[in-house]
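Colleague: 3D, please:
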Amino acid sequence: MSNYELLGKHIKMIDARNTKSVTDRVLGINIDKYFMLSVANVIGTDLSKYKLLSKGVFACNPMHVGRDERLPIALYSEDDPAIVSPAYYMFVVRDDLCRMEIPVPSIDKQKHIVEMYDAITKRIELKRRINDNLAA
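Modeller: Predicted coordinates for the structure are as follows:
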């Protein structure tokens, strides 16, 4: 059985376009995973087809995966909108990992686990010294 889950269970794809010409500020994503002004020549380009970034949205550039063997991805955190290439993927995270509940054993159980770990560690050290003596 695989421990992998589909990414789609944890994210929601976003496809907001710049149809109302909200902005002409075109960004790209650096391979170090931060937004930067795009170096692409967009003169004469219909920017209404570009994807509209808003605060809290992730964007990633899948074109770099084959070329650079990296997936440039960044979280847009600015208040003013910007746009990215229509080839980019944009998404938001569905589940807030900070609210995820995990089982935590009682303090007595934790102490018992530490005692067992210490006992095993001491036995390993004793066996090592016995082996060293036998080898000598």
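Colleague: How far off centre is the lowest-mean-pLDDT helix or strand in the chain?
Modeller: Scoring the helices and strands of the chain by mean pLDDT, DSSP states H and E places helix 63-68 at the bottom, with a mean of 75. Its chain's C-alpha centre lies 17 Å from the corresponding centre of helix 63-68 when counted by CA atoms, centre = their mean, to the nearest Å.
Colleague: buried stuff in that helix?
Modeller: Across helix 63-68, burial judged by 16 or more other CB atoms under 10 Å covers His64. Just so you know, the C-beta spots here come from the backbone N, C-alpha and C atoms, and that holds for glycine as well.
Colleague: could you dump that helix to PDB, C-alpha only?
Modeller: Presented in PDB, the C-alpha positions along helix 63-68 are these (Å, rounded to 0.1, in the frame of the first residue of the first chain):
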ATOM      1  CA  MET A  63       7.900  24.600 -17.500                       C
ATOM      2  CA  HIS A  64      11.100  24.600 -15.400                       C
ATOM      3  CA  VAL A  65      10.600  21.000 -14.200                       C
ATOM      4  CA  GLY A  66      12.000  19.400 -17.400                       C
ATOM      5  CA  ARG A  67      14.600  22.100 -18.100                       C
ATOM      6  CA  ASP A  68      15.900  22.900 -14.600                       C
END
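Colleague: Only the buried residues of stretch 77-97, if you could.
Modeller: Pro81, Ala82, Ile83, Val84, Ser85, Tyr88, Tyr89, Met90, Phe91.
Colleague: do stretch 11-19 as well
Modeller: Residues of stretch 11-19 classed as buried: Ile11, Ile14, Asn18 (neighbour count, 16+ other CB under 10 Å).
Colleague: what's the domain layout of this structure?
Modeller: 7-98, 103-135 (automatic domain parsing).
Colleague: Tell me which of these is the most buried.
Modeller: Neighbour counts (mean count of other CB atoms under 10 Å) averaged over each of these peak at domain 7-98, with a mean of 14.
Colleague: Okay, strands next: where are they in the chain?
Modeller: Ranges of strands in the chain, per DSSP state E, are 11-14, 27-29, 35-37, 51-53, 58-60, 73-75, 82-84, 89-93.
Colleague: chain center to the longest one, what's the gap?
Modeller: Right, the one you point to is strand 89-93. Centroid separation for strand 89-93 versus its chain: 11 Å, with CA atoms, centre = their mean.
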